[in-house]
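Sharing a model prediction with you, sequence too.
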Amino acid sequence: RFFVNFPSAKQYFSQFKHMEDPLEMERSLQLRKHARRVMGAINTVVENLNDSEKVSSVLALVGKAHALKHKVEPIYFKKLTGVMLEVFAEEFANDFTPEAHGAWTKMKTLIYTHVTAAYKEVGWAQYPTATL
């Protein structure tokens, strides 16, 4: 759904940036592998919410890699976590209470705040298209 809603995000993925068919993207092994890494990082953050140093460390690594290696604009983290909230609300409609929604909204903010801090730390502002 992320790539359907925000097709410009595909530019950062050489393996499937030219795929137009959502079903083809869904079947892509590279995309599935990346999705598992994303969810693994989020799982690590959730499991360590009581350890702010671990949370900061994990999200700083993600932010720095995406800023320096992948050159992904940080706004895509906000867009991705927003899409995740939409999907959670749909897929787990009976269990996605207002409290759960509030908790995931806080998680979305936590991720974006830490990731963008890492971008700033590595001097992302040097790139003219930066959106922090």
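Sure, I can see it. All values derive from a computational prediction rather than experimental measurement.

So residue 122 versus residue 56, what's the distance?
15 Å (C-beta to C-beta, to the nearest Å). Bear in mind the C-beta positions are built from the backbone N, C-alpha and C, glycine included.

brain fart, residue 92
In this structure, residue 92 lies at 28 Å from residue 56, with C-beta to C-beta as the measure.

more neighbours, those two?
Per other C-beta atoms under 10 Å, whichever of residue 92 and residue 56 has more neighbours is residue 56, with 16 against 11.

Apart from its neighbours in sequence, what residue is nearest the more buried one?
Using C-beta to C-beta, 6 or more residues apart in numbering and skipping residues adjacent in sequence, the residue nearest residue 56 is residue 114, 6.0 Å away.

what sits against the one you found?
Contacts of residue 114 were listed using C-beta atoms under 8 Å, 6 or more residues apart in numbering, and they are 55, 56, 59, 60, 63.

Can you check the pLDDT for the fourth one?
Confidence at residue 60, expressed as pLDDT, is 96.

The first one now?
At residue 55 the predicted local distance difference test score is 96.

pretty sure it is touching residue 48, no?
Yes. Applying C-beta atoms under 8 Å as the test, residue 55 and residue 48 come out as touching, 5.5 Å apart.

okay, those two: which has more neighbours?
Between residue 55 and residue 48, residue 55 has the larger neighbour count (other C-beta under 10 Å), namely 19 against 15.

so residue 73, which of the three states?
Secondary structure for residue 73, judged by DSSP: H, G, I helix; E, B strand; the rest coil, is coil.

now the lengthiest helix in the chain, how far from the centre of its chain.
Using DSSP state H to assign secondary structure, the helix with the most residues in the chain is helix 98-121. A distance of 10 Å separates the C-alpha centroid of helix 98-121 from that of its chain, computed with C-alpha atoms, centre = their mean, to the nearest Å.

Look up how far residue 59 lies from residue 90.
The separation that residue 90 has from residue 59, given C-beta to C-beta, amounts to 26 Å.
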